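Student: Dropping the sequence and predicted coords here.
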Amino acid sequence: MAAGWRERRGATPEGVIRKHHGDRLIVIFTVLLMFIGLLVIYAIGPQRANLMNSVFGFEYDSGYFFWKQLLSIGLALGAFWAMSVVPYNFVLKHGAKVLWAGFIACALLAVGYWVGVIEATNGAARWIELGPLGSVQPAEILKFGLLLYLAVFLAVRVKTGKINDWKETLLPVAAIAGFAVLFVIGIQKDLGTGISLTAIIVAMLFVAGINKKIIFSLFGVLLVAGMVMIFTSPHRVERVMTYLQGDNTSTEDADAYHIQHAKIAIGSGGMFGVGIGSSVQASGYLPESMNDSIFAIIGETFGFVGTVALLGLFVALLMRLLSVMDGMIDLRLKLLAAGVFGWLGAHVILNIAAMIGIFPLTGITLPLLSYGGTSMIFIAAALGLVFQLSKYTVHSSRIKEATDEDSRSRRGVRRTRYASRRGA
Amino acid sequence: MKPELLQGSRSRILASVVLVIAAVFVLRLFYLQVIQHNHYVSLAQQEQVKKERLPATRGEIYALSGDSPVKLVLNETVYTVFVDPAVIIENDSADKVEKVMKAVAGGNVVDDFDKLLDKEDSRYQIIAKRVTRTQAEKIKDEKLSGIGFTAVSQRVYPEGQLAAQTLGFVNADGVGNYGLEGYMNDELAGKDGRLETVTDVSDVPLTIGDRNIREPAENGKNIVMSIDRNIQSKVEQALAAGIQRSRATDASVVVMDPNTGRVMAMANLPTYNPSEYYKVNDAALFNNGTISAPYEPGSDVKTYTMAAAIDKGVATANDTYYNTDSIKVDDRTITNATKGHTGVISFQTALTWSLNTGFVTLAERLGNGKDITKTARDTMYEYFHDRLGLGQNTGIELANEQKGIIISPDDADGNAVRYSNMSFGQGLDATLIQVTSGFCALINGGNYYKPTVISGYVNGEGEYVQNATPQPAKLGVVKETTSQQIKEMTHVARSSFRGIDKAGYYIGGKTGTSQVIKNGVYADDETIATYLGYGGSDIDHPEYVIMVSIHGDHRILGGSADAMPIFTDISNWMLDYLKIQPKG
């Protein structure tokens, strides 16, 4: 198998584009974000272990969470590296299989839950336990598969000029999306992942150049669907009420408590924060302090300076993704980058918005920082893929030219030529 | 439509959306972290900082036994038993709880506690109080569900009722009431410490931040009273015997050291059990009569009039006057209670037989010899009030001291008739402690000591630290020679009762029989009998002053018949107890 994709190296349809150095900033930002997350987990992990031990009777070592996260980062960097070297054509070719795998895993989870093999955590079954290997979230496989599959699917539709076609494009996408969302939100009760799935699809559709009318009606549908989802689940109604009531909520409600304590953590950080190892909110006041609420702990620890810097890092990374996207000639790759942008962007925005109390809680993680393996491994894999794509960018001024079948020319693209010489 | 043409603009739209959202986030973060910073810090502190009170241990109270302190009041931890009826109903265990409680703590349960066990909609009912540790352990051993204990510190009195009214008691809130407990409450209570720590959500203290405060409790002072438990005990026995003998209802005694002002015993009967203060229905029982029940001191105060006259040089013991058993002051005629000693008699005779006319005469001699002039009244007021402390709070360290009334000559009521009555102890209100303290000055050479019930304290190491020997509050309130004559005169007066004192000692005293004012008029069927005296090896060394008062409802009691035997009983015992060597 490994030999199989090696043979195809360089055999891209747009073979005219030479491979060059990737966008190192993507690597730097990714590693930096992982390191910040690890640092915070290093600082608050012992408190967390202590609390888990005393409240739930675990016997966690004080370094447990740090080492676990370090392992996750190792695996995530491995996934990043793998996706940055395995030729994207190979990956894209198997997109449908990954999507199927995701669906099957989700179905297994649902069945396992119904027959009682899998226990629910916090009222939702989201993990498949793999014994000593830890646990895996099928929804993450689904996300990755959807990303790959739709990139190819939509690119073909664009090329055949049927991107706005109801039967050829929109219904199939809606079917796949609906199915995925049904699994994730309906069965796994994971609104956060559902939103991030939707964000991936919307970002790809948007970049695929879908008709503005359709975009507006899509937003209309999403709004209605969102409303329906909110009002069919009392749990979500509470979340929204919590959000609307702001500070005037009683802390008896779990979500109100969560947001209030996220704000306390962030607000008490002040300009420069209380410093590493001095977070008190992490000692059990703030729920999910290492997972969904890690941004609030960063706010407490590093203050306004820290939160703005972190936000800056994420924005810079997102801008790099857009830049890679702009440099893609192959539509599949462009859509791939768009999907990753949607994925990362939705997570960052929804997570932070909930923590600072301007959007209801959705239970979405802060990518690359939150404690937990599966989500980090898959987002790192997606970023690794984009990093690989960044080796094949062309200057945006040439894109128009390149798409004009008759005037393909590589002249004037200094970087490509330079890179090819170095690469030789 | 060519997507290639659009993509540039769509990418810019995505970039703009991200940047706008990021800008909103930055503004929001600035608001939360910079503008609202203090608000969130205080919210954080409210829940992170746990405040705890470190209760101070209340000081214990000691009495003396000779020279060493013995515990009179100490602390003990007892338990309040409460139940959660909801749990008991759920487990259907009311019968078992009832059985166990009756068996183990039958004397401590509250009335109808069995009904409280079935109280629906209640999660907390107190079913027993003041359960000892042993009892609590036994109840715990039964492993009943829905039952709990709250530790409470309470006072314990190893000597029972001894000196109850002097001690006072500590109420359920830990506040001292009456007596020493009331007066010295702040010192005894000490100061609670406080503990402020940043804790995690399960209240486990963290070592984070600089908000940790630890102020240890300052325990209350362990006070050593000047009360001698043996004298106190003897005095209470003597009082009880006296009440029985005279069929009286109440009686009080103060025993003081005239050379220091220290109170050696102070007792009133009836009294109460301080460990069961909450069972007392009549709050009057809490009052220490010796300091809070002013009365007309009567003839005991004749010694004061005599002292003033001697001090002013207008009379001596052997000076004489013409006694007709009655004397006219303005429109009033004053008569003697004891009649027949008419003719020219000495003031010693007047004192010995307690003849009112003699002391009215002395009051006249303090003036112009015929009338109780303003000068005479001023002089008497100066001696009674200013020098010897009648009608003034003595400042003894006991709560609820009353000062009584002594009407000044500047007052409209302070006329000659008033002062003629005052010369033999009527028309003024004073407390036993005032009369006793003034008398101490009269017989100790003329120095007034502020009465005190405290002789020192026990420090943290358990050592008895004595206060400095008290110094006179007022020096030379009467001349030493005056003091000498008062001692002689009271000794002579007492000597008219033969054979009551142990031979070889120098004992002096004065009887008093005061009328009781009921509804504004003197009652003719009730008196307060008193006796005020001192004792020692010889005239120069008085070692104790004892003041006795005894009273019965609708009983006419006499100073010599009813109060003096109690004095004599205590006095003779004191001579032995204090190991005073006879000289005379």
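Tutor: All right, it came through fine. Residues are numbered from 1 along each chain as shown, chains lettered A, B, ... in the order given.
Student: Please make it C-alpha for all contacts and neighbour counts, starting now.
Tutor: Noted.
Student: any idea of the pLDDT on residue 230?
Tutor: Since you didn't name a chain, this refers to chain A. pLDDT, A:Ile230: 66.
Student: Please refer instead to chain B.
Tutor: So B:Asn230 comes in at 95 (pLDDT).
Student: Likewise for A:Arg414?
Tutor: For A:Arg414, the pLDDT comes out at 43.
Student: hey, where'd the helices end up in the stretch 401-550 of chain B?
Tutor: Counting by DSSP state H, counting those that start in this stretch, one finds helices in the stretch 401-550 of chain B at the ranges B:416-422, B:432-443, B:480-495.
Student: burial count for the spatially closest residue to A:Met290 that is not a sequence neighbour?
Tutor: Distance criterion Cα to Cα, 6 or more residues apart in numbering or on different chains; nearest residue to A:Met290, sequence neighbours excluded, is A:Tyr371 at 5.5 Å. For A:Tyr371, the neighbour count with other Cα atoms under 10 Å in any protein chain shown is 31.
Student: May I ask which helix or strand encompasses the residue in the stretch 301-424 of chain A positioned nearest to chain B?
Tutor: The minimum distance from the stretch 301-424 of chain A to chain B, using Cα to the nearest Cα, falls at A:Phe304 (5.8 Å). Assigned by DSSP states H and E, A:Phe304 belongs to helix A:294-326.
Student: what pLDDT, on average, does whichever helix or strand comes after that helix get?
Tutor: Once helix A:294-326 ends, the next helix or strand along the chain (criterion: DSSP H and E) is helix A:331-355. Helix A:331-355 carries an average pLDDT of 91.
Student: Give me the phi and psi angles of B:Gly176.
Tutor: phi -70, psi 140 (degrees, to the nearest 10).
Student: middle-most residue in chain B, spatially?
Tutor: By Cα atoms, centre = their mean, chain B has its centre lying nearest to B:Gly179, at 1.9 Å.
Student: I figured that one hits B:Val170, correct?
Tutor: No: taking contacts as Cα atoms under 8 Å, B:Gly179 lies outside contact range of B:Val170: 10.2 Å.
Student: related to what we said a few turns ago, distance between the helix holding A:Phe304 and the chain's centre?
Tutor: 14 Å (Cα atoms, centre = their mean, to the nearest Å).
Student: and what of stretch B:466-480?
Tutor: The chain centre lies 23 Å from the centre of stretch B:466-480; the measure is Cα atoms, centre = their mean.
Student: same deal with stretch B:361-374?
Tutor: Distance, centroid of stretch B:361-374 to centroid of chain: 40 Å (Cα atoms, centre = their mean).
Student: Check stretch B:320-335 too.
Tutor: The answer for stretch B:320-335 is 42 Å, by Cα atoms, centre = their mean.
Student: Quick check: buried residues in it?
Tutor: B:320-321, B:323-327, B:329, B:334 (16 or more other Cα atoms under 10 Å in any protein chain shown).
Student: With adjacent residues omitted, what lies nearest to residue 66?
Tutor: Went with chain A since none was named. A:Tyr42 (5.1 Å).
Student: nope, chain B
Tutor: Residue nearest to B:Gly66 in three dimensions, not counting chain neighbours: B:Asp228, with 6.7 Å by Cα to Cα, 6+ apart.
Student: Surely that neighbour is in contact with B:Ala265?
Tutor: Yes: B:Asp228 is in contact with B:Ala265 according to Cα under 8 Å; the separation is 6.3 Å.
Student: who's in contact with the residue nearest to A:Met290?
Tutor: A:37, A:41, A:69, A:290-291 (Cα atoms under 8 Å, 6 or more residues apart in numbering or on different chains).
Student: any idea how far the residue nearest to A:Phe35 when sequence neighbours are not counted lies from A:Ser375?
Tutor: In space, and not counting its chain neighbours, A:Phe35 is closest to A:Leu369: 7.9 Å by Cα to Cα, 6+ apart. Distance, A:Leu369 to A:Ser375, using Cα to Cα, to the nearest Å: 10 Å.
Student: Can you tell me the element B:Asn268 falls in?
Tutor: Judged by DSSP H and E, B:Asn268 forms part of strand B:263-269.
Student: That strand packs against which elements?
Tutor: helix B:164-167, strand B:222-228, helix B:229-246, strand B:250-256, helix B:289-292 (3 or more Cα pairs under 8 Å, 6 or more residues apart in numbering or on different chains; DSSP states H and E).
Student: send the alpha carbons of the second one over as PDB?
Tutor: When you say that, I think you mean strand B:222-228. Extracted in PDB, the C-alpha atoms of strand B:222-228 (Å, rounded to 0.1, in the frame of the first residue of the first chain):
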ATOM      1  CA  ASN B 222      -8.900  32.100  83.700                       C
ATOM      2  CA  ILE B 223      -9.900  34.200  86.700                       C
ATOM      3  CA  VAL B 224      -9.000  33.300  90.300                       C
ATOM      4  CA  MET B 225     -11.500  34.800  92.600                       C
ATOM      5  CA  SER B 226     -10.700  36.100  96.100                       C
ATOM      6  CA  ILE B 227     -13.600  34.000  97.300                       C
ATOM      7  CA  ASP B 228     -12.300  31.200  99.500                       C
END
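Student: Against which helices or strands is it packed?
Tutor: Strand B:222-228 sits against strand B:61-65, strand B:263-269, strand B:454-458, with contacts defined as 3+ Cα pairs under 8 Å, 6+ apart.
Student: Please apply the same query to the fourth one.
Tutor: Judged by 3+ Cα pairs under 8 Å, 6+ apart, strand B:250-256 is in contact with helix B:229-246, strand B:263-269, helix B:289-292, helix B:432-443, strand B:542-551.
Student: Could you export those to CSV, including columns for distance to A:Gly357 and mean neighbour count?
Tutor: Formatted as CSV, the helices and strands packed on strand B:250-256 follow (distance: least, Cα to Cα, whole Å; neighbours: other Cα atoms under 10 Å in any protein chain shown):
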stretch, distance to A:Gly357, mean neighbour count
helix B:229-246, 72, 20
strand B:263-269, 72, 26
helix B:289-292, 68, 26
helix B:432-443, 73, 28
strand B:542-551, 80, 28
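Student: Output the ones you listed as a markdown table; include the columns distance to B:Leu54.
Tutor: Conversion of the helices and strands packed on strand B:250-256 to a markdown table gives the following (distance: least, Cα to Cα, whole Å):
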| stretch | distance to B:Leu54 |
| --- | --- |
| helix B:229-246 | 33 |
| strand B:263-269 | 35 |
| helix B:289-292 | 36 |
| helix B:432-443 | 39 |
| strand B:542-551 | 44 |
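Student: which one of those lies closest to A:Pro87?
Tutor: Closest approach to A:Pro87 among the helices and strands packed on strand B:250-256 (Cα to Cα): helix B:229-246, 102.0 Å.
Student: Could you report the neighbour count for B:Asp141?
Tutor: B:Asp141 sits with 9 neighbouring residues when counted by other Cα under 10 Å.
Student: what's it in contact with, if anything?
Tutor: Under the criterion of Cα under 8 Å, 6+ apart, B:Asp141 has no contact partners.
Student: Retrieve the pLDDT associated with the residue of the stretch 251-400 of chain B found nearest chain A.
Tutor: Residue nearest to chain A within the stretch 251-400 of chain B: B:Tyr278 (42.3 Å; Cα to the nearest Cα). pLDDT for B:Tyr278: 87.
Student: Unless I misread the structure, it falls within a helix.
Tutor: Yes: B:Tyr278 forms part of a helix when assessed by DSSP: H, G, I helix; E, B strand; the rest coil.
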